[in-house]
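**Q** Return atomic coordinates for the entry below.
(chains A, B, C and D)
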There are 2 protein chains.
Amino acid sequence: MEQKEQGAPARRYNPEQTRAVILDAAEQLFAEHGYEGASIRDIASLASFRLGMITYHFGTKEELFRQVIARRADDYVSATATSLDAAVSRADGAPGTEAVIRAYLQPAIELSARGGAGWKNYLQLLARAMNTRQHEAFLEPVLRTYDPLVRKIVAVFRLSRPEMDEAQLHWAFYFLQAAFIHILVEAGIVDRHSHGLCRSSDLDAILDEMVPFFAAGFDRLARHAPAAAASRR
Amino acid sequence: MEQKEQGAPARRYNPEQTRAVILDAAEQLFAEHGYEGASIRDIASLASFRLGMITYHFGTKEELFRQVIARRADDYVSATATSLDAAVSRADGAPGTEAVIRAYLQPAIELSARGGAGWKNYLQLLARAMNTRQHEAFLEPVLRTYDPLVRKIVAVFRLSRPEMDEAQLHWAFYFLQAAFIHILVEAGIVDRHSHGLCRSSDLDAILDEMVPFFAAGFDRLARHAPAAAASRR
DNA sequence: GTCTATAATGAGATAGAC
DNA sequence: GTCTATCTCATTATAGAC
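**A** Model prediction:
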């Protein structure tokens, strides 16, 4: 007469689907609570599977995390690469800085805003992971997945601003990337401080504001003397 | 003949010092591994005390975290407030945007770069905590400690740019704050991508680059039509 | 492939000797 | 105030029935 309280035992899915359902749940909880803050038990429970299923399909928690990252990495990389290539060819090889910034930001914003909950979670979890040092040792090789894309982005910025020296270009891109990392998390601080006038969830508005804002920064660094560092020696 | 491997049993300190030593260790491990990733056992061990000492002086892990935040909050707030006030009075009430940005960033950079390891850990841990949503429920009230300071910062930016409308001002400040949050973590991505040309640990150089970069962004947003949002309706 | 059961460990917290 | 010992629970991981 006792009710099993565990929901249907789930013969609903084929293995592919099972893996996908688990990855979705992992994506969500890693995004919400971070790697250490999310337990594989909670992930299994959210996915309506037993704990053993995670072991069977993924082995360890680290491997589960790796596969969460890996599942969407190629899609994100190729979407951004395509966007950058389009900006370059549209401008015959010398794209404006605003166009490059937009080409870099827009795919992630598109996916986060309209790609479904999975993509939003994915980008938030990626942003959280990037906001740490390599103390979570196993994270670093995972994040290096994105290094080739970053090299491409920097190369396109270099096309756009051939007069900037390397350090200036890297600083400018760093500032853009740093801001974007926090923005993708949608932590809500701007909502609170602007009393709702600006919403961190309104990624479309943010894109429109970021493009001129950061392009002006690139312009400004391109103009100023690259001698700042010397003054401290 | 067995050696106690626990180090000296520490009658070395008075209670004030004991609390300080524990807070230092907590600060370090929370900064390195995040709230969930750091255990109070490891914190006790790093501080060379027994676990019971943390309970005795702080009660729960949450309370320990709160007191880590609280210990330096007033110093940080007043350093930044003083810096902002100085910028305002230096300019007779109408400070330039570069001056305001520098006044906002400089105290934190000063403390992180030359305030000792504790301050660096503190600011990294704060930055990590700000890069989450309120899923870690108890975090939110802790972070609200800084709301009055943020209101002051925004007010000074408003003095600097009275022609900007509220939304533009908040967006611009959000971008600056977002970038700063990641930068304080010193995650090292710019080091890797620039092959060491730019170092995320070189906060002095970063300050010098950020000031003109972000001031140009403020200038740019102040110029453009505040009608962007309307185009999407 | 899916689930149960359980091992093995580590966690936060508490009681109480000294 | 400091430390030992222990409780209780949650965690990752494994073994094995079905």
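
**Q** and the residue in chain A positioned nearest to DNA strand C, what pLDDT?
**A** Proximity to DNA strand C, evaluated over chain A using Cβ to the nearest atom of the strand, is greatest for A:Gly52 at 2.9 Å. In short, each C-beta sits where N, CA and C put it, glycine included. A:Gly52 carries a pLDDT value of 96.

**Q** now stretch A:24-36: how far from the chain's centre is it?
**A** What separates the centre of stretch A:24-36 from the centre of its chain is 14 Å, taken as Cα atoms, centre = their mean, to the nearest Å.

**Q** Same question for stretch A:52-60.
**A** The answer for stretch A:52-60 is 26 Å, by Cα atoms, centre = their mean.

**Q** Kindly report the same for stretch A:155-175.
**A** 21 Å.

**Q** quick one on the thing from earlier: just the element for the residue of chain A closest to DNA strand C, please.
**A** helix A:51-58 (DSSP states H and E).

**Q** buried set for that helix?
**A** Of the residues in helix A:51-58, A:53-54, A:57-58 count as buried by neighbour count, 16 or more other Cβ atoms under 10 Å in any protein chain shown.

**Q** can you check stretch A:96-106 too?
**A** Counting neighbours by 16+ other Cβ under 10 Å, stretch A:96-106 gives A:97-106 as buried.

**Q** same check, this time on stretch A:188-206
**A** A:189-191, A:193-194, A:198, A:200, A:202-203, A:205-206.

**Q** what's the least confident helix or strand in chain A by mean pLDDT in contact with?
**A** Here the helix or strand of chain A ranked lowest by mean pLDDT, DSSP states H and E is helix A:139-143, holding a mean of 91. Helix A:139-143 is contacted from outside by A:35, A:65-66, A:69, A:129-130, A:132, A:134, using Cβ atoms under 8 Å, 6 or more residues apart in numbering or on different chains.

**Q** Narrow these to those that are buried.
**A** Using 16+ other Cβ under 10 Å, the buried members of those are A:35, A:65-66, A:69, A:129-130, A:132.

**Q** Residue numbers of chain A in contact with DNA strand D?
**A** A:38-42, A:51-52, A:55-56, A:59-62 (Cβ under 7 Å from any atom of the strand).

**Q** ok, 6 Å please
**A** Within chain A, the residues that sit near DNA strand D (Cβ under 6 Å from any atom of the strand) are A:39-42, A:51-52, A:55, A:60-61.

**Q** Max pairwise distance over these: which two?
**A** For the residues of chain A next to DNA strand D, the maximum inter-member distance is 16.1 Å, found between A:Asp42 and A:Thr60 (Cβ to Cβ).

**Q** neighbour count winner among these two?
**A** Between A:Asp42 and A:Thr60, A:Asp42 has the larger neighbour count (other Cβ atoms under 10 Å in any protein chain shown), namely 16 against 12.

**Q** got a list of what the more buried one touches?
**A** Residues near A:Asp42 by Cβ under 8 Å, 6+ apart: A:Leu29.

**Q** Phi, psi for it please.
**A** With angles defined as degrees, to the nearest 10, A:Asp42 sits at phi -60, psi -40.

**Q** Next: the one 4 residues further on.
**A** Comment: the main-chain dihedrals of A:Leu46 come out as phi -60, psi -30, following degrees, to the nearest 10.

**Q** Ok, A:Ala91 next?
**A** Phi and psi for A:Ala91, reported as degrees, to the nearest 10, are phi -110, psi 10.

**Q** quick one: contacts for it?
**A** By Cβ under 8 Å, 6+ apart, the neighbours of A:Ala91 are A:Ala99.

**Q** Could you pull out the buried residues of the least confident helix or strand of chain A?
**A** Residues A:139, A:142-143 are the ones in helix A:139-143 that count as buried (16+ other Cβ under 10 Å).

**Q** Distance from it to the middle of the chain?
**A** 13 Å.

**Q** next structured bit after it?
**A** Scanning forward in sequence from helix A:139-143 by DSSP H and E, the next helix or strand is helix A:147-160.

**Q** can you tell if that next one touches chain B?
**A** Yes. For helix A:147-160, a contact with chain B is found by Cβ under 8 Å from any Cβ of the partner chain, at A:147, A:150-151, A:154.

**Q** Could you single out the nearest of those residues to A:Phe180?
**A** Nearest to A:Phe180 among these is A:Val150, at 11.9 Å by Cβ to Cβ.

**Q** Give me the neighbour count for that closest one.
**A** A:Val150, neighbours per other Cβ under 10 Å, totals 17.
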